[in-house]
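Student: with the input below, show me the fold.
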Amino acid sequence: MKRVATLPVAVAALAGLIVGTALPTGHAWERGASQLAPEGSALRTAREVRGRTPYLPVQNEPLPKLIVDEPLPDLLGIGVALIQYRTENCRILPVFGKEALNLSPRVGHLHVRVDDLPWLWADSSDNNTVDIGGLPPGEHKVTIELVDATHHPFQGQSKTVKFAVPKTATPPH
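Tutor: The predicted structure follows:
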């Protein structure tokens, strides 16, 4: 009977040990920065790991940057392009208007254009992937542009990817 009663206590203690030694999560960790201090040194500060506080303006903000990958090949066979992206020094948020130009850290969104069509769409979701469905077989070009809250492009932050949907592509039902 005593062994049965101590089993839940032992399981809880083991779970606490696992949770207590697990690496914490945070924005810096997601960007790949290690949160562990070198052996024998002091723990890194919250600012070192997570970055600056969002409550104070950034002095001399670095210019925004847009990084765009080639489309993932996984769904091109059914006419769907998944294009991953990330930004630096600009948060993608659904915030628009002249007043938002004064926000710090800087905010913006994406303009996405397919095959030089005369229309585009604004994406402020920050889910790190632009998804485009219903593409017919053949060559395609997608331009993704990082813009400010008033839809003006950040200089040099427009990226174009070219790819082909296979001639054997079958649209999803």
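Student: for P54, list the residues it contacts.
Tutor: For P54, the set of contacting residues under the criterion of C-beta atoms under 8 Å, 6 or more residues apart in numbering consists of P105. C-betas here are computed from N, CA, C, even on glycine.
Student: spatially nearest residue to the most centrally placed residue in the chain, not counting backbone neighbours?
Tutor: Here the mean C-alpha position of the chain is nearest to the C-alpha of N128 (C-alpha atoms, centre = their mean), at a distance of 3.8 Å. Distances taken as C-beta to C-beta, 6 or more residues apart in numbering place Q84 nearest to N128, at 5.7 Å, with adjacent residues excluded.
Student: ends of stretch 121-130, what's the gap?
Tutor: The first residue of stretch 121-130 is 11 Å away from its last residue (C-alpha to C-alpha, to the nearest Å).
Student: buried residues in that stretch?
Tutor: Within stretch 121-130, the residues that qualify as buried by neighbour count (16 or more other C-beta atoms under 10 Å) are 123, 130.
Student: state the distance from the residue nearest to L110 when sequence neighbours are not counted to T129.
Tutor: Of all residues not flanking L110 in the chain, D123 sits nearest, at 4.4 Å (C-beta to C-beta, 6+ apart). For D123, the distance to T129 equals 10 Å [C-beta to C-beta, to the nearest Å].
Student: cool, L82 as well?
Tutor: 6 Å.
Student: what segments of the protein are strands?
Tutor: Per DSSP state E, the chain has strands spanning 65-68, 81-88, 91-92, 107-114, 121-123, 129-132, 138-148, 153-165. These are given in chain order.
Student: so the fourth one versus strand 81-88, what angle?
Tutor: By that I understand strand 107-114. Strand 107-114 runs at 150 degrees relative to strand 81-88, counting by axes from the mean of the first three to the mean of the last three C-alpha atoms, to 10 degrees.
Student: what sits against the residue nearest to L110?
Tutor: Contact criterion C-beta under 8 Å, 6+ apart gives 92, 109-112, 130 as the residues in contact with D123.
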